[in-house]
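>>> Coordinates only, no sequence provided:
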């Protein structure tokens, strides 16, 4: 499901695009990555799904849905799958967003139980980060029952 990025995020993207255009001769990309992408993803997910964000203090849980399910949010500006770190705390639910900065829109790649992704797409144990296969994630998303999804309540559709 696609959605428009919120106006305040569109302003940030427009400023980034002006920098990119101005310095085009130098092949600078001004990519959004790291903490900024994660923060943008959490903010957009909070608007779209009515999440109450926890802030930086809760490893593995980024917020809570209106029905009190714990939620982990993953976001990327690339078409690669999200990266996971081994953490003790697992969320009830996972939202994975692809943010297309050129089109100022996003797409919900996965909206369902986190446990399915962990058990079906991640190894039993690993160190560092492990990227989940995007094709596998999309396939899992297709199999999520409507009642297992968080309803989209935001107005960015």
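Looks like it arrived, so ask away. Since the model is a prediction, treat every value here as computed from it, not as a measurement.
>>> List phi and psi for residue 2.
Per-residue torsions, residue 2: phi -90, psi 160 (degrees, to the nearest 10).
>>> Could you give the number of residues near residue 136?
13 (other CB atoms under 10 Å). C-betas here are computed from N, CA, C, even on glycine.
>>> Quick check, pLDDT for it.
On pLDDT, residue 136 comes in at 94.
>>> Low-confidence ranges, the chain, go.
26-28, 34, 56-57, 155-157 (pLDDT under 70).
>>> Okay, helices next: where are they in it?
7-22, 35-49, 114-121, 134-142 (DSSP state H).
>>> out of these, which comes closest to residue 148?
Set against residue 148 and scored by CB to CB, the helices of the chain come closest in helix 114-121, at 9.0 Å.
>>> name the helices or strands packed onto that closest one?
Packing contacts for helix 114-121, counted by 3 or more CB pairs under 8 Å, 6 or more residues apart in numbering; DSSP states H and E, involve strand 93-100, helix 134-142.
>>> How far off centre is the shortest one?
If I follow you right, that is strand 93-100. The offset between the C-alpha centroid of strand 93-100 and the centroid of the whole chain comes to 3 Å, using CA atoms, centre = their mean, to the nearest Å.
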